[in-house]
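Q: Pasting a predicted model and its sequence here:
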Amino acid sequence: MPARKSPPWSRQELAVLHDVYPREGINGAVDALPDRSWTAICVMASKLHIRSPIVGQAPAPVLQGERLEAAIARREVDGWSFARIGAEFGVAESAACNAVLIALCPRKGFTPAPRDATGRLLPEGIERLRLMLRKGLKGVDIQLRLGVSSSCVAEQRRRYRADLKSRGKAALPPPGAGEAYSGVKLSLAQRRAVEALFMEGYGAKKIGERTGVSHTSIGRIRTRLIKRMKRKGESLPGCDIDGRRRQQKDHARSVPDATVQAFRKRLMNREPVRRAANAEGIGLVSAYKIRHAFAAELAARGEALPPPILPGRTSTGRYDGWLPADMRARHRQLVREIGTEEAKATILAEIAAKRKAERDRPKSFEEQLEMVRNGAHLVQRFTPRRADPSGTLGGVATGMIE
């Protein structure tokens, strides 16, 4: 459910704010308005242009002591997001982020920005922060390096932009130097483009490739879209009403149509499923799914899939095909982009390049001993790999082993 909104400010509260804030500052206003938070009072005073000569103490992090150490462990050891940490400890995501990053600043070897007695940044700290803004660092990176809150970074960015504009200077680079990341602000058009691709049935990875939006931002947009559609009794294409994926239009593990047709042709030629799958770069589970669907299609036409011709026992063992398992995803991507034949030629060229690089790589002494144990021997004549070699005796010895 949506968070409960605070009630509007009453005339009595505004009168107290006008009376107390200029005389006693933020701390006095907090005591006089117990139903309003520190942040709410600061925001309202800023809107009403109420100023006070009294500088109050900067707010302390909401997580301290054992709770703070537990939150740091969740972040550093368990890899939790700040949203999950905030939900675990009952605080806002931004509050969890501020507390953890401020505490990690000196632990990571950075020097926190110098502050005055009230906790405000000194001019030296502001200048360091502005330097990082000019370099285009992300907000979380600035928080970690200076030990400041996200609101401090945002406020200093706003003030620095206004200062540069008033002096006719070049504008600041975007946060992250234009890189797509989870904290970057997205335009309405970008969010609408992501939602439109979700409605077409695409997954997060394909949407990220097409729009340039970060994976984290895409996940947040998807969560909000699912909740909005659930209230209407609708669901995303290929998903149930709770957003669990059932089908996906196009993803990295999908088998291209050209590959499916080539696999079917091999089955009709009575080639075993494993051998045909390895030859076409298809995973075994997907291969059997395609085979069962093909058999059902033939049975509906009154035909039958011919039985495979199983190979006999061989000295070389099981046939593993030409395509390594770790390159199947790349092979499927290349098939979509340049076709089956070109994809195979490209993959074979990459495999040959990797083998050549491994063969030409200087070997350690232990690797040379292992090669000798496996049957390597010294050649009678050494042919240097380069016309003017600048190698050591170890390198020459490595080149004589074959």
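A: Alright, I've got the coordinates.
Q: all contacts plus neighbour counts: C-alpha atoms, from now on.
A: OK.
Q: distance of residue 173 from residue 8?
A: Distance, residue 173 to residue 8, using Cα to Cα, to the nearest Å: 37 Å.
Q: no, scratch that, I was asking about residue 139
A: Distance from residue 139 to residue 8, by Cα to Cα: 31 Å.
Q: who has more neighbours, those two?
A: Neighbours were counted for residue 139 and for residue 8 using other Cα atoms under 10 Å; residue 139 has more, 22 against 7.
Q: Where do the helices of the stretch 251-400 of the chain begin and end?
A: 257-268, 273-280, 284-300, 328-338, 340-360, 365-373, 393-399 (DSSP state H, counting those that start in this stretch).
Q: if you average pLDDT over the fourth one, what comes out?
A: So the one you mean is helix 328-338. Computed over helix 328-338, the mean pLDDT rounds to 79.
Q: could you measure residue 61 against residue 69, distance?
A: In this view, residue 61 and residue 69 are 13 Å apart by Cα to Cα.
Q: Could you do residue 308 as well?
A: Taking Cα to Cα, one finds residue 308 at 62 Å from residue 69.
Q: Then residue 106?
A: Separation of residue 106 from residue 69 (Cα to Cα) stands at 14 Å.
Q: Pass me the low-pLDDT residue ranges in the stretch 301-402 of the chain, would you?
A: Residues of the stretch 301-402 of the chain that meet the criterion pLDDT under 70 lie in 312-321, 378-402.
Q: What of the stretch 51-200 of the chain?
A: Counting by pLDDT under 70, the stretch 51-200 of the chain contains low-confidence ranges at 56-57, 177-184.
Q: Can you show me the helices along it?
A: 65-76, 82-89, 93-107, 123-135, 139-146, 150-166, 188-199.
Q: Pull out the CA atoms of the fifth one and give them to me as CSV.
A: Coordinates of the C-alpha atoms in helix 139-146 are reproduced here as CSV (Å, rounded to 0.1, in the frame of the first residue of the first chain):
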residue,chain,number,x,y,z
GLY,A,139,26.4,10.7,-6.1
VAL,A,140,27.1,7.4,-4.3
ASP,A,141,30.7,7.6,-5.2
ILE,A,142,31.0,11.2,-3.8
GLN,A,143,29.2,10.0,-0.6
LEU,A,144,31.7,7.2,-0.1
ARG,A,145,34.8,9.4,-0.8
LEU,A,146,33.7,12.4,1.4
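Q: Please name every helix or strand in contact with it.
A: Applying 3 or more Cα pairs under 8 Å, 6 or more residues apart in numbering; DSSP states H and E, one finds that helix 139-146 contacts helix 93-107, helix 123-135, helix 150-166.
Q: and the angle for the second one with helix 150-166?
A: Same thing as helix 123-135. Angle of helix 123-135 versus helix 150-166, following axes from the mean of the first three to the mean of the last three Cα atoms, to 10 degrees, is 70 degrees.
Q: So which elements touch helix 123-135?
A: Under the contact definition 3+ Cα pairs under 8 Å, 6+ apart, helix 123-135 sits against helix 139-146, helix 150-166.
Q: closest to residue 293 out of those?
A: Checking those against residue 293 by Cα to Cα gives helix 139-146 as the closest, at 49.9 Å.
Q: For the nearest residue to residue 328 once chain neighbours are set aside, give me the pLDDT.
A: Excluding the flanking residues, the one nearest residue 328 by Cα to Cα, 6 or more residues apart in numbering is residue 281, at 5.4 Å. pLDDT, residue 281: 80.
Q: Check the one 10 residues further on too.
A: What the model reports for residue 291 is a pLDDT of 91.
Q: Spit out the contact partners of it.
A: With contact set as Cα atoms under 8 Å, 6 or more residues apart in numbering, residue 291 has these partners: 264, 267, 273.
Q: which one of the residues you listed sits closest to residue 296?
A: Closest to residue 296 out of the contacts of residue 291 is residue 264 (12.7 Å), distances taken as Cα to Cα.
Q: distance of that closest one from residue 151?
A: Here the criterion is Cα to Cα. By it, residue 264 lies 60 Å from residue 151.
Q: Also residue 16?
A: Taken as Cα to Cα, the span from residue 16 to residue 151 is 26 Å.
Q: just residue 72 next, same as before
A: Note on residue 72: its distance to residue 151, by Cα to Cα, is 20 Å.
Q: Between the two, which is the more surrounded one?
A: Taking other Cα under 10 Å, residue 72 and residue 151 do not tie; residue 72 has more neighbours (22 against 13).
Q: Leaving out chain neighbours, which residue sits closest to the more buried one?
A: Residue nearest to residue 72 in three dimensions, not counting chain neighbours: residue 100, with 5.8 Å by Cα to Cα, 6+ apart.
Q: List the contacts of residue 290.
A: Taking Cα under 8 Å, 6+ apart as the test, what residue 290 contacts is residue 260.
Q: Next, the buried residues of stretch 139-154.
A: For stretch 139-154, the neighbour count (16 or more other Cα atoms under 10 Å) marks 139-140, 142-150, 152-153 as buried.
Q: do you know how far the closest residue in space to residue 95 that isn't next to it in sequence is from residue 107?
A: Distances taken as Cα to Cα, 6+ apart place residue 62 nearest to residue 95, at 6.6 Å, with adjacent residues excluded. According to Cα to Cα, residue 62 and residue 107 sit 19 Å apart.
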